[in-house]
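Asks: Here is a sequence together with a model predicted from it:
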Amino acid sequence: MFSRLCQQLNGLPEEETSRSCCCDHHTNDGARRDQLFSHRSVCGLSRGSTGSEECLWLDQVVIHVGALSLKESQELAQHAAKIGADGIAVIAPFFLKPWNKDNLVNFLKEVAAAAPALPFYYYHIPALTGVKIRAEELLDGIQDKIPTFQGLKFSDTDLLDFGQCVDQNQQRQFAFLFGVDEQLLSALVMGATGAVGSTYNYLGRKTNQMLEAFERKDFSSALNHQFCIQRFINFVVKLGFGVSQTKAIMTLVSGIPMGPPRLPLQKASREFTDNAKAKLKSLDVLSFTDLKDGNLEAS
Ligand SMILES: CC(=O)N[C@@H]([C@@H](O)[C@H](O)[C@H](O)CO)[C@@H](O)CC(=O)C(=O)O
């Protein structure tokens, strides 16, 4: 059922993007975007038991093409099709917001129509877009308007909405990709078919252990793994956790400098990174013991 954990590598620095892939983010540099697809075999951030870097083969790449302007979104969708993406995803426009379901669907429909051969995913992240139209409502009849509609990335904690997305679409082969890492187990019970999230960049092993336990119906072990993930996320949330802190942790665990976040975000503090490092060590969630924090200054 749960086919594969989708690892986000969107924090990689500009110079790394030619050997990486992003699920939700695009770069604005056209040449670099093209390079992205010249290497379908990418080096991820995971390390095997020997500590050596493992190569990940991304057999599907979904490019996020959302933008505030419909025209820009359409251009990005066309570009994604041209360079061989396997799908496109779009968040709701968040400056001039759609007021109701029909407005939002009409916007999405125009973006999808710019890449009519590509599977289309709606990226529901109301906390960031401020567009709170329920996903369950949006899905009702969506394939009549968007024939390429393939599924949803659901980054919200409203499990009633998520459960109803699954329940009301059991006859359809939609992908229900969950995006709240600390609640993934609950979403699996509701019928999630996949996950996309930031912490999988470094908590992938622990998450895979949870998925395996869930698959073999060992719910007690699955819950223990989820609680362990929650202990880490709860800890960093209290310190202040966002994209900058994610970059700092990814640098810490990989040794690859992720570069500074873009303004208005501010670089994570050394204090945050030290605390996160101590917590990761105490929870024993990494597959290698030697954290690579030599490049922290560059992050
Ligand atoms: C609001 C937010 O950033 N959510 C993350 C989660 O992975 C989140 O970091 C995690 O559940 C910890 O709270 C993802 O769903 C979204 C995300 O990483 C992205 O779009 O870049």
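Replies: Great, that's in hand. Just so you know, these numbers come straight off a predicted model, no measurement behind them. Numbering: from 1, shown residues only.

Asks: What values do phi and psi take at residue 74?
Replies: When read as degrees, to the nearest 10, the backbone of residue 74 gives phi -70, psi -40.

Asks: do the same with residue 91
Replies: Torsion angles, degrees, to the nearest 10, at residue 91: phi -90, psi 170.

Asks: burial measure for it, as a count.
Replies: Residues within reach of residue 91, counting by other Cβ atoms under 10 Å, total 22. From N, CA and C alone the C-beta is placed, and that goes for glycine too.

Asks: same deal with the one 3 residues further on?
Replies: Residue crowding around residue 94 was assessed by other Cβ under 10 Å; the count is 15.

Asks: quick check, it in a strand?
Replies: No. Applying DSSP: H, G, I helix; E, B strand; the rest coil, one finds residue 94 to be coil, outside a strand.

Asks: ok, so what distance separates it from residue 74?
Replies: Using Cβ to Cβ, to the nearest Å, we find residue 94 at a distance of 17 Å from residue 74.

Asks: what's the answer for residue 119, then?
Replies: Residue 119 is 17 Å from residue 74, by Cβ to Cβ.

Asks: now swap in residue 150 and tell me
Replies: Distance from residue 150 to residue 74, by Cβ to Cβ: 18 Å.

Asks: Just the buried residues of the host helix or strand of residue 232, please?
Replies: In this assignment (DSSP states H and E), residue 232 forms part of helix 219-239. Buried residues in helix 219-239, counted by 16 or more other Cβ atoms under 10 Å: 222, 225-226, 228-230, 232-233, 235-236.

Asks: Give the rounded mean pLDDT of stretch 106-125.
Replies: Averaged over stretch 106-125, pLDDT sits at 98.

Asks: That one: which residues count as buried?
Replies: In stretch 106-125, counting by 16+ other Cβ under 10 Å, buried: 107-109, 111-112, 114-115, 118-125.

Asks: again, but for stretch 69-86
Replies: So stretch 69-86, judged by 16+ other Cβ under 10 Å, has buried residues 73-74, 76-77, 79-81, 83, 85.

Asks: Provide a list of residues in contact with residue 210.
Replies: 184-185, 222, 225-226, 229 (Cβ atoms under 8 Å, 6 or more residues apart in numbering).

Asks: rerun at 10 Å
Replies: 184-185, 188, 203, 221-229 (Cβ atoms under 10 Å, 6 or more residues apart in numbering).

Asks: ok, residue 212 to residue 156 distance?
Replies: Residue 212 is 26 Å from residue 156, by Cβ to Cβ.

Asks: Around the ligand, which positions in the stretch 151-299 of the chain sit nearby?
Replies: 155, 179-182, 197-199, 233 (Cβ under 6 Å from any ligand atom).

Asks: redo that, cut-off 5 Å
Replies: Contacts of the stretch 151-299 of the chain with the ligand, taken as Cβ under 5 Å from any ligand atom, map to 155, 179-181, 197-198.

Asks: Can you give me the neighbour number for residue 162?
Replies: Residue 162 has 26 neighbours, counted by other Cβ under 10 Å.
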